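Undergrad: with the input below, show me the fold.
(one chain, ligands or ions: 2)
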Amino acid sequence: MRASQEGRGEKQKTSEIHISGAEGLYTLSEMQRMLRGYIERALHHPKGKPDTITLTLEKVRQEPLTISTLPLSTVISDSLSEARKISGNMLRALGISKKALRSAFAVLQKGNMRGAALISAEKGMRLEHDRRRGVRVSRLGIAKPALRILSSRLARLGINIDTVKEALILASKVASSSRVIAELCISDDPHYTTGYVASSRFGYMRIPGMKQKGRKIGGRVFFVQEGSDIDPIIQYLERTPVMVDHIGPCKGIQQAEEILDSHNL
Ligand code: WAQ
Ligand code: MG
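TA: Ligands and ions are numbered 1, 2, ... in the order given. Reported below is the predicted structural model:
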């Protein structure tokens, strides 16, 4: 599903505003219920009322790959600058250059992309073909028994909400791509200020307070190994069906240092 609003003003066509997007892998019997949910979500989004809702349904023939969710944790900070510093330190520990970080935060600060930016880990180059759209991770889902386990583990932490579940599933697919070193995300919903840094090495680290309340900035950046051939990466993220069938550990609040120590290779 994708919902958008026509831009106001002169540059009508080029200033389309992205309202909401969602995707999943479902059985035929789940389809109608899911579609209703997607339409509901598009119509009642905090970013505003859409002018266009596009629904695309595709039969997937390929048997999905199965993955586990990344280990989840939350790191608390006192301020926006502290929160961003935590994310930056984690990314630096993963080998992302300062230049690539600057480039990533510029993308998130601008917002309004449907998908994610691909940024090379050293030179900080934007690599995706369409910079307005970005790379849209799709064909991902979670098996029902795994969803039940995930929901109960998140409920214990008081964070059993769709936003967390969907982001964790997406980040786990992204991290399963061997060429993606890390992901940085800030929600574009004005009132959702928690973001995360995800990587196969350190897991899914949630960071509350990554932006000021009420702002529509946000987005996603996937940091890829310098010199990677990007087409197979995009193909994997956008087209290869991947289902979560195992749930990794879901921890509560941790110190960033604990995460850096405990998951170290
Ligand atoms: N593929 C690539 N990029 C995407 C996708 C996708 N399927 N969906 C969203 N994006 C990009 C797009 O640029 C959005 O503007 C941006 O990410 C943010 O999307 O643990 O809610 O759906 O508490 O607003 C993270 C923290 C929440 C969850 C993320 O993202 C937690 C969130 P949103
Ligand atoms: Mg959003």
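
Undergrad: give me the domain ranges for the chain.
TA: 2-54, 65-262 (automatic domain parsing).

Undergrad: between those domains, which gets nearest to ligand 1?
TA: Nearest to ligand 1, of all the domains of the chain, is domain 65-262, at 3.5 Å by Cβ to the nearest ligand atom. All C-beta atoms are positioned from the backbone trio N, CA, C, and that covers glycine.

Undergrad: right, is that closest one up against ligand 2?
TA: Yes - interface with ligand 2: domain 65-262 contributes 188-189 (Cβ under 5 Å from the ion).

Undergrad: tell me how far the ends of that domain are from each other?
TA: From its first residue to its last, domain 65-262 covers 28 Å (Cα to Cα, to the nearest Å).

Undergrad: returning to what we had before: mean pLDDT added to the domains of the chain, as CSV?
TA: Listed next are the domains of the chain as CSV, based on pLDDT from 0 to 100:
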stretch, mean pLDDT
domain 2-54, 89
domain 65-262, 97
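
Undergrad: redo these as a markdown table? Include mean neighbour count.
TA: Below are the domains of the chain laid out as a markdown table (neighbours: other Cβ atoms under 10 Å):
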| stretch | mean neighbour count |
| --- | --- |
| domain 2-54 | 14 |
| domain 65-262 | 19 |
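
Undergrad: what strand or helix carries residue 184?
TA: If you go by DSSP states H and E, residue 184 is part of strand 180-186.

Undergrad: okay, now the sheet partners of that strand, with direction.
TA: strand 195-199 (antiparallel), strand 219-224 (antiparallel) (DSSP bridges).

Undergrad: contact residues of the stretch 151-265 of the chain facing ligand 1?
TA: Counting by Cβ under 6 Å from any ligand atom, the positions of the stretch 151-265 of the chain adjacent to ligand 1 are 163-164, 167, 170, 185, 187-189, 192, 194-196, 206, 218-220.
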